[in-house]
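> Following is a predicted model, sequence given first.
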Amino acid sequence: MIQTRPRFLSFEEYLSYDDGTENRYELFNGELIEVPPESGLNTEIANFLFSLFLPIVGHRRIRGHGLELEVRGEPKNRYPDLTILREEHIQLLKSRNTIRLNMAPPLLVIEVVSPGDLQRDRDYIAKRSQYQDIGIPEYWIVDPQDNAVTVLTLLETTYSQVERFQGEEVVRSPQFPDLQITSAQIFGSGI
């Protein structure tokens, strides 16, 4: 028996689809592309950052890798490693953990770069462009290969690099100035 793969003409069609699994998919040109699980190192770093933001924003405004963001371009959706929500998102995400284009963007998105050129390009170029396009005020690229944290902030419609932090430099967040963490502490969390 031949099974046909579903094709979707719209993001709304995709949102109503349920294949009966817990798999996560990116919607690319109308087709589902399964999102592989994160590496252990990336998960540890994201969990460490989660624990740092927890006392600052509270548990209801932090989402891990399961939050889905609708974006423009291809794919039509992304699953950031860590997202800091606005207060208004708490109620809006009760039925489905997806921030749609018609909603306000989250305050901060953090991506932990996976090994490989394709993954680096995805986080440094493709996601940066998509997150900028939907107006996310702050984007962190946490790069274990370079032991560096790049903080970008949205100025009008374009990301500007605040700084690239390494070693004992304290990561400065325009959205969260009370956060006190060095790059070395972030990368030491994944050891």
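Here it is on my side, so go on.

> okay but Asn23 is in contact with Pro36, surely?
No - when contacts are counted by Cβ atoms under 8 Å, Asn23 is not listed as touching Pro36 (10.0 Å). Any C-beta I mention is one placed from the backbone N, CA and C, and that applies to glycine too.

> can you pull out the strands in this structure?
25-28, 31-34, 62-63, 68-70, 77-78, 82-84, 98-99, 108-112, 138-143, 148-155, 158-166 (DSSP state E).

> any chance of those in CSV, with distance to Leu179 and mean pLDDT too?
Output for these, formatted as CSV (distance: least, Cβ to Cβ, whole Å; pLDDT from 0 to 100):
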stretch, distance to Leu179, mean pLDDT
strand 25-28, 30, 91
strand 31-34, 34, 91
strand 62-63, 13, 97
strand 68-70, 22, 97
strand 77-78, 23, 96
strand 82-84, 10, 98
strand 98-99, 22, 98
strand 108-112, 10, 98
strand 138-143, 11, 98
strand 148-155, 11, 97
strand 158-166, 12, 95
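
> The ones you listed: which one's closest to Ala126?
If you check each of the strands of the chain against Ala126 by Cβ to Cβ, strand 77-78 wins as the nearest, at 9.1 Å.

> Pairing partners for that closest one, with directions?
strand 68-70 (antiparallel) (DSSP bridges).

> For the residue lying closest to Arg5 once chain neighbours are set aside, list each beta-bridge partner.
Among residues not flanking Arg5 along the chain, Glu31 sits closest, at 6.5 Å (Cβ to Cβ, 6 or more residues apart in numbering). Note on Glu31: beta-bridge partners by DSSP bridges are Arg7, Phe28.
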